[in-house]
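Asks: Sequence first, predicted coordinates after that:
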Amino acid sequence: MYNVAITGTGVFTPSHIITNDELVAAFNAHADLYNAENEAEIAAGTVTAKPHSSSDFIVAASGIEQRYVLDKDGILDPARMFPKLAARPDDTPGFMAEIGVDAAQEALAAAGIDAADVDLVICAACNMERAYPAIAVEIQQLLGAGGFAFDMNVACSSATFGIQTASDMIRAGSIRRALVINPEICSAHLEWRDRDCHFIFGDVATATLLERDEDLTGPHFKVLSTRCATQFSNNIRNNNGYLRRTHDQMEDRRDMQFMQNGRKVFKEVLPLVSKHIADHLDDTGVPATDFARLWLHQANKTMNDYIGKKVLGRIPEPHEQPNILQDYANTSSAGSIIAFSQNSDDLAVGAKGLICSFGAGYSVGSVIVERA
Ligand code: CO8
């Protein structure tokens with residue numbers, strides 16, 4: 001068995017920013033349009049009027065202040081309310097491949113590794129732009145990576161599940177290096193016309209380079225242990241899929257975009273994650289007091305505050321549990337990797353930390369690392 005290390009990470013951040021105020025202004029204009037169009041039905045009680053959204057609610061409920069997206073104009077058009085991304089010919093890179101390659105090149109540069117020396121590319125994300133060929137194979141070709149590539153989808157836990165999958169292959173010796181890439185274009189499957197969720201997500205791509213921990217000379221993080229768990233729940237769901245046409249369901253339906261019962265998710269996922277981390281620490285013999293930093297999934301500030309306190313047994317200092325969700329919003333599987341990528345260089349050799357993601361499925365993934 002070989003040991004595994006994270007030697008580089010990369011983050012692609014889109015250039016368009018939507019602030020809460022911009023988002024709320026567009027949503028409220030959309031709600032007014034909708035209510036005017038449905039005035040008679042609303043008066044008759046057959047259609048429910050859309051209430052306004054509010055920036056104050058968004059910050060208080062989630063901690064999110066803005067989000068990055070690939071296209072701002074389509075989302076903020078009250079008559080449209082979703083991004084406009086021009087379809088690309090089959091012989092040009094797809095959107096996920098393009099942003100994934102950007103993040104991957106940053107990770108490779110950080111480690112000083114040539115793409116040709118990578119044996120595995122995993123594209124791990126909460127949705128795929130097409131059914132096949134795999135996005136990962138396209139990324140492999142665009143990068144000039146060797147070996148093989150495949151796609152994985154475990155919603156918000158895709159990155160940590162990808163890290164465990166790649167780590168297992170490195171441990172077993174079947175590969176030496178892997179890139180786990182998380183292109184998350186959440187804006188394309190978020191329902192921007194629903195005030196309960198319109199503020200939650202943003203777009204980004206992250207990449208993590210994992211290598212056999214042998215003869216490494218640069219700074220890196222040893223992967224001490226990985227653990228994944230799942231438990232079925234319908235509380236976060238998207239019914240869009242390849243059987244849609246067979247169901248005669250091609251119309252604009254609410255359940256073809258992200259849906260969640262946020263309160264239930266909040267209540268059910270917190271104990272699941274807390275127990276998962278506690279069991280992982282018990283089984284590996286790493287006491288929580290050893291952790292210098294927690295890089296948690298970036299869905300909700302209150303959720304992270306709760307989990308941080310559960311893990312450390314006290315309220316973590318801000319530098320011990322960095323949040324990036326105020327700037328990026330929830331970026332599905334990429335969130336904990338952004339937090340890790342942007343807040344890990346300062347750790348001293350020997351310092352330990354925990355990357356942890358959780359979300360739809362339900363799914364939870366944790367990675368215990370040590371600075372070397
Ligand atoms: N403005 C003003 N008022 C609002 C708004 C708004 N925008 N939205 C809701 N309200 C109102 C509600 O109608 C409600 O009013 P009332 O009390 O009269 O009924 C009141 O505010 C309270 O609403 P909620 O109970 O919904 O508010 P919460 O405090 O529960 O906060 C949250 C809502 C922020 C969604 C919270 O429940 C939460 O964060 N839950 C956890 C969610 C979570 O972590 N989900 C993970 C999903 S990510 C994942 O798994 C990846 C999936 C794939 C990615 C998909 C990409 C698109």
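Replies: Arrived safely. Not measured: the values here are computed from a predicted model. Residues are numbered from 1 along each chain as shown.

Asks: Where does D32 sit: helix, strand or coil?
Replies: helix (DSSP: H, G, I helix; E, B strand; the rest coil).

Asks: burial count for it?
Replies: Residues lying near D32 (other C-beta atoms under 10 Å) number 13. (Glycine included, C-beta is placed from N, CA and C.)

Asks: With T217 instead?
Replies: Neighbours of T217 using other C-beta under 10 Å come to 6.

Asks: what does the protein have sitting close to the ligand?
Replies: 53-54, 57-58, 61-62, 126, 155-156, 186, 189-190, 195-196, 199, 201, 236, 258, 260, 262-263, 265-266, 299-300, 330, 332, 359-360 (C-beta under 6 Å from any ligand atom).

Asks: Return the subset of those lying in helices.
Replies: F57, I58, A61, S62, G262, R263, V265, F266 (DSSP state H).

Asks: so who does the third one touch?
Replies: Residues touching A61, when contacts are defined by C-beta atoms under 8 Å, 6 or more residues apart in numbering, comprise N300.

Asks: Next one: the closest residue to V223 other than its chain neighbours from the ligand, what distance?
Replies: Nearest residue to V223 in three dimensions, chain neighbours excluded: V4, at 4.2 Å (C-beta to C-beta, 6 or more residues apart in numbering). Distance, V4 to the ligand, by C-beta to the nearest ligand atom, to the nearest Å: 26 Å.

Asks: Give me the phi and psi for V4.
Replies: Main-chain torsions, V4, degrees, to the nearest 10: phi -120, psi 150.

Asks: What of G365?
Replies: Main-chain torsions, G365, degrees, to the nearest 10: phi -130, psi 140.

Asks: Could you pull up the contacting residues of the closest residue to it other than its chain neighbours?
Replies: For G365, ignoring the flanking residues on the chain, the nearest one in space by C-beta to C-beta, 6+ apart is T160 at 2.7 Å. T160 makes contacts with T226, C228, S333, S336, I355, C356, S357, G365, S366, V367, as judged by C-beta under 8 Å, 6+ apart.

Asks: give me every residue that touches the last one.
Replies: Spelled out, that is V367. By C-beta under 8 Å, 6+ apart, the residues touching V367 are T160, I163, Q164, V223, S225, T226, L354, I355, C356.

Asks: what's the burial count for the fifth one?
Replies: Neighbourhood size, S225 [other C-beta under 10 Å]: 18.

Asks: packing partners for the helix or strand where it lies?
Replies: Secondary structure from DSSP states H and E places S225 in strand 221-230. Applying 3 or more C-beta pairs under 8 Å, 6 or more residues apart in numbering; DSSP states H and E, we find strand 221-230 packed against strand 4-12, helix 158-172, helix 262-284, strand 363-371.
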